[in-house]
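Q: whatever this is, show me its structure:
(one chain, ligands or ions: 2)
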Amino acid sequence: MTLPEGIERVLFTEEQVAARVMEVAAEIDRKYQGRDLKLIGVLKGSVFFLTALARALNVPVKIDFLAISSFGGGRAAQGMVRIAKDLDEPIQDEDVLLVEDIVDTGFTTRYLLQTLAGRGPRSLGICTLLDRNVRRIVQVPVDFRCFEIPDRFVVGCGLDCRQLYRNLGCIAVMNPDKQ
Ligand code: IMP
Ligand code: MG
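A: Ligands and ions are numbered 1, 2, ... in the order given. Reported below is the predicted structural model:
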(Lines give C-alpha, C1' and ligand atoms only; values in the text may rest on other atoms or scores of the structure.)
(Ligands and ions follow the chains in the order given, each with its own letter.)
Protein backbone atom coordinates (compact mmCIF):
# COMPACT_ATOMS: atom_id res chain seq x y z
CA MET A 1 0.00 0.00 0.00
CA THR A 2 1.46 3.37 -0.94
CA LEU A 3 1.54 5.90 1.86
CA PRO A 4 -0.99 8.69 1.53
CA GLU A 5 0.20 12.24 1.32
CA GLY A 6 -0.12 13.75 4.76
CA ILE A 7 1.96 11.00 6.32
CA GLU A 8 5.34 12.28 7.45
CA ARG A 9 7.10 9.01 8.25
CA VAL A 10 6.53 5.43 9.27
CA LEU A 11 7.14 4.77 12.95
CA PHE A 12 6.54 1.00 12.90
CA THR A 13 6.13 -1.08 9.75
CA GLU A 14 3.32 -3.57 9.28
CA GLU A 15 5.87 -6.37 9.85
CA GLN A 16 7.11 -4.81 13.08
CA VAL A 17 3.54 -4.42 14.34
CA ALA A 18 2.68 -8.03 13.47
CA ALA A 19 5.81 -9.35 15.20
CA ARG A 20 5.18 -7.30 18.32
CA VAL A 21 1.53 -8.37 18.50
CA MET A 22 2.72 -12.00 18.50
CA GLU A 23 5.11 -11.28 21.39
CA VAL A 24 2.44 -9.55 23.45
CA ALA A 25 -0.04 -12.34 22.72
CA ALA A 26 2.51 -14.83 24.10
CA GLU A 27 2.79 -12.72 27.29
CA ILE A 28 -1.00 -12.70 27.63
CA ASP A 29 -1.19 -16.46 27.02
CA ARG A 30 1.30 -17.02 29.85
CA LYS A 31 -0.59 -14.80 32.28
CA TYR A 32 -4.06 -16.24 31.59
CA GLN A 33 -3.04 -19.87 31.06
CA GLY A 34 -5.86 -22.25 31.96
CA ARG A 35 -8.52 -19.54 31.96
CA ASP A 36 -10.93 -18.01 29.47
CA LEU A 37 -10.31 -14.39 28.59
CA LYS A 38 -12.76 -11.70 27.58
CA LEU A 39 -11.28 -9.03 25.33
CA ILE A 40 -13.16 -5.75 25.42
CA GLY A 41 -12.47 -3.44 22.51
CA VAL A 42 -13.17 0.26 22.41
CA LEU A 43 -14.76 1.23 19.12
CA LYS A 44 -13.52 2.12 16.67
CA GLY A 45 -9.80 2.56 17.24
CA SER A 46 -9.01 -0.78 18.84
CA VAL A 47 -10.78 -3.01 16.30
CA PHE A 48 -7.75 -3.73 14.11
CA PHE A 49 -5.47 -4.42 17.06
CA LEU A 50 -8.07 -6.51 18.88
CA THR A 51 -8.67 -8.82 15.94
CA ALA A 52 -4.93 -9.30 15.32
CA LEU A 53 -4.36 -9.99 19.01
CA ALA A 54 -7.32 -12.37 19.29
CA ARG A 55 -6.07 -14.44 16.38
CA ALA A 56 -2.61 -14.70 17.94
CA LEU A 57 -3.87 -15.89 21.33
CA ASN A 58 -4.07 -19.53 22.36
CA VAL A 59 -6.22 -19.09 25.48
CA PRO A 60 -9.97 -19.34 24.80
CA VAL A 61 -11.16 -15.84 23.96
CA LYS A 62 -14.52 -14.08 23.99
CA ILE A 63 -14.90 -10.59 22.57
CA ASP A 64 -17.21 -7.69 23.23
CA PHE A 65 -17.15 -4.01 22.30
CA LEU A 66 -18.18 -0.69 23.70
CA ALA A 67 -18.13 2.74 22.16
CA ILE A 68 -17.49 6.00 23.91
CA SER A 69 -17.94 9.58 22.94
CA SER A 70 -15.98 12.37 24.50
CA PHE A 71 -17.36 15.75 25.38
CA GLY A 72 -15.09 17.89 23.21
CA GLY A 73 -14.07 21.42 23.80
CA GLY A 74 -11.93 23.01 26.41
CA ARG A 75 -9.74 21.89 29.25
CA ALA A 76 -12.63 21.58 31.68
CA ALA A 77 -14.18 18.87 29.54
CA GLN A 78 -10.91 16.98 29.18
CA GLY A 79 -11.33 13.34 29.97
CA MET A 80 -15.09 13.53 30.23
CA VAL A 81 -16.38 10.58 28.27
CA ARG A 82 -19.61 8.67 28.24
CA ILE A 83 -20.57 5.23 26.99
CA ALA A 84 -22.32 5.60 23.63
CA LYS A 85 -22.72 1.85 23.07
CA ASP A 86 -22.46 -0.54 25.98
CA LEU A 87 -21.22 -4.12 26.09
CA ASP A 88 -23.63 -6.80 24.91
CA GLU A 89 -22.92 -9.15 27.82
CA PRO A 90 -22.19 -8.85 31.55
CA ILE A 91 -18.58 -9.36 32.68
CA GLN A 92 -19.28 -10.57 36.22
CA ASP A 93 -16.67 -13.11 37.40
CA GLU A 94 -14.82 -13.01 34.08
CA ASP A 95 -11.16 -12.33 33.39
CA VAL A 96 -11.38 -9.13 31.36
CA LEU A 97 -8.73 -7.42 29.30
CA LEU A 98 -9.53 -3.91 28.08
CA VAL A 99 -7.95 -3.52 24.64
CA GLU A 100 -7.04 0.04 23.67
CA ASP A 101 -5.53 1.63 20.58
CA ILE A 102 -3.60 4.19 22.60
CA VAL A 103 -3.33 5.34 26.18
CA ASP A 104 -2.51 9.02 25.97
CA THR A 105 -3.53 11.29 28.86
CA GLY A 106 -5.10 8.25 30.52
CA PHE A 107 -8.50 9.89 31.08
CA THR A 108 -10.41 7.56 28.76
CA THR A 109 -8.79 4.45 30.13
CA ARG A 110 -9.35 5.48 33.74
CA TYR A 111 -13.03 6.13 33.09
CA LEU A 112 -13.44 2.76 31.38
CA LEU A 113 -11.55 0.94 34.13
CA GLN A 114 -13.74 2.47 36.82
CA THR A 115 -16.90 1.66 34.89
CA LEU A 116 -15.92 -1.94 34.18
CA ALA A 117 -14.55 -2.55 37.69
CA GLY A 118 -18.02 -1.74 39.06
CA ARG A 119 -19.46 -4.72 37.19
CA GLY A 120 -17.63 -7.32 39.23
CA PRO A 121 -15.14 -8.92 36.83
CA ARG A 122 -12.87 -11.56 38.33
CA SER A 123 -9.89 -9.60 37.05
CA LEU A 124 -9.45 -6.52 34.89
CA GLY A 125 -6.32 -5.71 32.89
CA ILE A 126 -5.27 -3.21 30.22
CA CYS A 127 -3.59 -4.04 26.94
CA THR A 128 -2.74 -1.21 24.57
CA LEU A 129 -1.19 -1.08 21.13
CA LEU A 130 0.43 2.28 21.84
CA ASP A 131 1.45 3.98 25.04
CA ARG A 132 2.29 7.68 24.98
CA ASN A 133 3.53 7.93 28.50
CA VAL A 134 5.01 11.43 28.06
CA ARG A 135 1.49 12.90 27.91
CA ARG A 136 0.03 10.98 30.83
CA ILE A 137 -2.05 13.09 33.24
CA VAL A 138 -3.79 10.36 35.23
CA GLN A 139 -1.96 7.17 36.08
CA VAL A 140 -3.44 3.92 34.84
CA PRO A 141 -1.95 0.45 35.29
CA VAL A 142 -1.03 -0.68 31.75
CA ASP A 143 -0.42 -4.44 31.92
CA PHE A 144 0.55 -5.06 28.28
CA ARG A 145 1.81 -2.61 25.67
CA CYS A 146 3.13 -3.14 22.18
CA PHE A 147 4.95 0.16 21.67
CA GLU A 148 5.89 3.27 23.58
CA ILE A 149 5.62 6.30 21.25
CA PRO A 150 6.88 9.89 21.26
CA ASP A 151 4.68 12.98 21.49
CA ARG A 152 3.55 13.02 17.87
CA PHE A 153 0.09 12.41 16.40
CA VAL A 154 0.01 8.97 14.80
CA VAL A 155 -2.37 7.07 12.53
CA GLY A 156 -2.79 3.51 11.26
CA CYS A 157 -3.63 0.13 12.83
CA GLY A 158 -6.99 1.55 13.84
CA LEU A 159 -5.92 5.07 14.78
CA ASP A 160 -7.49 7.83 12.76
CA CYS A 161 -7.15 11.42 11.74
CA ARG A 162 -10.69 12.66 11.14
CA GLN A 163 -11.79 9.04 10.61
CA LEU A 164 -9.18 8.40 7.90
CA TYR A 165 -6.12 6.10 7.84
CA ARG A 166 -7.45 3.50 10.28
CA ASN A 167 -6.77 0.80 7.69
CA LEU A 168 -3.05 1.54 7.29
CA GLY A 169 -1.06 -1.56 8.25
CA CYS A 170 1.80 0.50 9.64
CA ILE A 171 1.83 3.09 12.40
CA ALA A 172 2.79 6.46 10.95
CA VAL A 173 3.38 10.02 12.10
CA MET A 174 1.07 12.61 10.55
CA ASN A 175 2.51 15.69 8.95
CA PRO A 176 1.37 18.45 11.36
CA ASP A 177 0.30 20.68 8.41
CA LYS A 178 -2.11 18.02 7.17
CA GLN A 179 -3.75 17.02 10.46
P1 IMP B 1 -6.76 9.76 26.34
O2 IMP B 1 -8.06 9.82 27.07
O3 IMP B 1 -6.06 11.10 26.32
O4 IMP B 1 -5.83 8.68 26.83
O5 IMP B 1 -7.12 9.59 24.81
C6 IMP B 1 -7.20 8.44 24.18
C7 IMP B 1 -7.92 8.59 22.86
O8 IMP B 1 -7.50 9.74 22.10
C9 IMP B 1 -7.57 7.39 22.01
O10 IMP B 1 -8.44 6.32 22.24
C11 IMP B 1 -7.63 7.95 20.61
O12 IMP B 1 -8.94 7.84 20.08
C13 IMP B 1 -7.29 9.41 20.74
N14 IMP B 1 -5.86 9.66 20.39
C15 IMP B 1 -4.88 10.06 21.23
N16 IMP B 1 -3.71 10.20 20.58
C17 IMP B 1 -3.94 9.88 19.29
C18 IMP B 1 -3.10 9.83 18.11
O19 IMP B 1 -1.88 10.09 18.11
N20 IMP B 1 -3.72 9.47 16.95
C21 IMP B 1 -5.05 9.15 16.88
N22 IMP B 1 -5.87 9.18 17.96
C23 IMP B 1 -5.32 9.54 19.15
MG1 MG C 1 -10.04 8.85 17.49
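Q: would you mark the buried spots in the lengthiest helix in the chain?
A: As assigned by DSSP state H, the longest helix anywhere in the chain is helix 14-31. Buried positions in helix 14-31, judged by neighbour count with 16 or more other CB atoms under 10 Å: 17, 21, 24, 25, 28, 31. (Glycine included, C-beta is placed from N, CA and C.)
Q: pLDDT on that helix, on average?
A: Mean pLDDT, helix 14-31: 98.
Q: and the helix or strand hosting residue 40, which residues are buried?
A: Per DSSP states H and E: residue 40 is located in strand 37-43. Counting neighbours by 16+ other CB under 10 Å, one finds that the buried residues in strand 37-43 are 37, 38, 39, 40, 41, 42.
Q: what sits against the second one?
A: So the one you mean is residue 38. 61, 62, 63, 64, 91, 94, 95, 96, 97, 121 (CB atoms under 8 Å, 6 or more residues apart in numbering).
Q: for it, give its distance to ligand 1.
A: Separation of residue 38 from ligand 1 (CB to the nearest ligand atom, to the nearest Å) stands at 20 Å.
Q: relative to helix 14-31, how tilted is the next helix or strand after the strand holding residue 40?
A: Downstream of strand 37-43, the first helix or strand assigned by DSSP H and E is helix 47-56. Interaxial angle, helix 47-56 versus helix 14-31 (axes from the mean of the first three to the mean of the last three CA atoms, to 10 degrees): 60 degrees.
Q: measure the residue nearest to residue 90 when sequence neighbours are not counted to residue 85 for me?
A: Once flanking residues are discounted, residue 90 sits nearest to residue 119: 6.5 Å by CB to CB, 6 or more residues apart in numbering. The spacing between residue 119 and residue 85, counted by CB to CB, to the nearest Å, is 16 Å.
Q: neighbour count winner among the two?
A: Ranked by neighbour count (other CB atoms under 10 Å), residue 119 and residue 85 place residue 119 first, with 14 against 11.
Q: so the more buried one, which of the three states?
A: With DSSP: H, G, I helix; E, B strand; the rest coil as the basis, residue 119 sits in coil.
Q: residues touching it, list them.
A: 90, 91, 92.
Q: now do residue 160
A: With CB under 8 Å, 6+ apart, residue 160 has these contacts: 44, 45, 166.
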